[in-house]
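S.K.: Sequence first, predicted model second:
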Amino acid sequence: MNGGVLVTGAAGFIGKSLIAELARVNRNSEVIALDMREVAAHERLPNVTYLTGDVRDPALRDMFEVRRPQTVVHLASVVAVGGDPQRDWEIDVLGTKNVLQSALDAGVEHLIVTSSGSAYGYHADNPVPLHETDPLRGNADFPYARNKREVEEMLIEWQELYPDLQQTVFRPCTVLGPTTNNQITAIFERPIVMGVSGTATPFSLIADSDVVDALVQAVRQPKAGTYNLAGDGTLSLREIAELNHRPYISIPPWLLKSALWLLHLLRITKLGPGHAKFIQYRPVLSNDKLKAGFGFTPRYDARRVFERYRDGRAELRK
């Protein structure tokens, strides 16, 4: 069946929910779930085609050629901090390049890519808020931010070379849902939440369900462009600690680096001293273009995103 939608990274945090929603709303076209992890038989949906493959593999081009999807949603990426930098770069950058070439060869009409607000980089002089026209300065010493910047630079180049392949690029901020468990939530859940003196550390937040809804809208109502993906407002780390019923302390940057060094040494966190800027200089994203240009308004603002995450975690612990 042609004219369907293929999702890479379909077994991931957002991928599973997206596949379920696409299977529900796209009943007249094929939904293809691709991931390097095999999905167990009891987790498979009856109207979804499940494929196992690596986005770095040249065989991906044959897979695209056989399936010939109309739309590709590229979610496959490395999110965790502290892995193998070379492997992470290959998956993020070379994997995206392979997806681009495979899509082009197979005549895909629309490519939807999830990048990240981290592509702007973590810098003291970042505009507040950041708009899509602001420069991408993903930090060279922070592999995740650097990889996202490189991916977007490549997407821009390919868009100029191959304008017939329509691109929609989303830059999500911190994504939270009831089951989110990563290096960001580890900061929120420590017995004592540590902030940095001299900065409020504002977090832009987006609910996982809002990310899925925006992706579904992009599939069903294609609109090329690049869009920040964030709920209204922000929450400071102090406010997050209060909402999560945790004590909060503010420490100087040099002490934070020392604390991260010790916590990393004890394997309590994957963040090292070099990641202090990751806490100090959070990119604050404007969602004006998302609302006015793409036509999507997130359901949850920053406070409700966090409360939904917090209350969901409490339910899971019961």
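M.R.: Okay, I see it.
S.K.: From now on I want contacts and neighbour counts done on CA atoms only, so please keep to that.
M.R.: Will do.
S.K.: what is the rounded mean pLDDT of stretch 39-52?
M.R.: The average pLDDT within stretch 39-52 is 93.
S.K.: got a list of contacts for that stretch?
M.R.: 11, 19-20, 23, 30-38 (CA atoms under 8 Å, 6 or more residues apart in numbering).
S.K.: How far does that stretch sit from its chain's centre?
M.R.: Here the centre of stretch 39-52 is set off from its chain's centre by 23 Å, with CA atoms, centre = their mean, to the nearest Å.
S.K.: Give the burial count for H42, as a bare number.
M.R.: H42 has 6 neighbours, counted by other CA atoms under 10 Å.
S.K.: ok, which stretches of the chain are strands?
M.R.: With DSSP state E as the criterion, the chain has strands at 5-8, 31-35, 49-52, 71-74, 110-114, 166-172, 174-176, 193-196, 202-203, 205-207, 225-229, 235-236, 248-251.
S.K.: hey, which helix is longest across this protein?
M.R.: In the chain, taking DSSP state H as the definition, the longest helix is helix 143-161.
S.K.: can you list contacts of it?
M.R.: By CA under 8 Å, 6+ apart, the residues outside helix 143-161 that reach it are 78-79, 81, 85, 88-89, 92-93, 96-97, 115-116, 118-121, 136-140, 165-167.
S.K.: Am I right that V212 is in contact with I19?
M.R.: No: the pair V212 / I19 is not scored as a contact, 9.3 Å apart, by CA atoms under 8 Å.
S.K.: mind showing which ranges of the stretch 1-150 of the chain have poor pLDDT?
M.R.: 1-3, 81-82 (pLDDT under 70).
S.K.: show me where the stretch 201-318 of the chain has helices.
M.R.: Using DSSP state H, counting those that start in this stretch, the helices of the stretch 201-318 of the chain run over residues 208-220, 237-243, 253-265, 276-280, 288-289, 302-317.
S.K.: The contacts of helix 143-161 in helices, which ones?
M.R.: The helices, defined by DSSP H, take in P85, D88, W89, T96, K97 from those.
S.K.: what's the distance between the last one and D125?
M.R.: Read that as K97. K97 sits 31 Å away from D125, going by CA to CA, to the nearest Å.
S.K.: So for these two, which residue has more residues nearby?
M.R.: The residue with more neighbours, out of K97 and D125, is K97; 19 against 7, by other CA under 10 Å.
S.K.: Alright, I will stop here.
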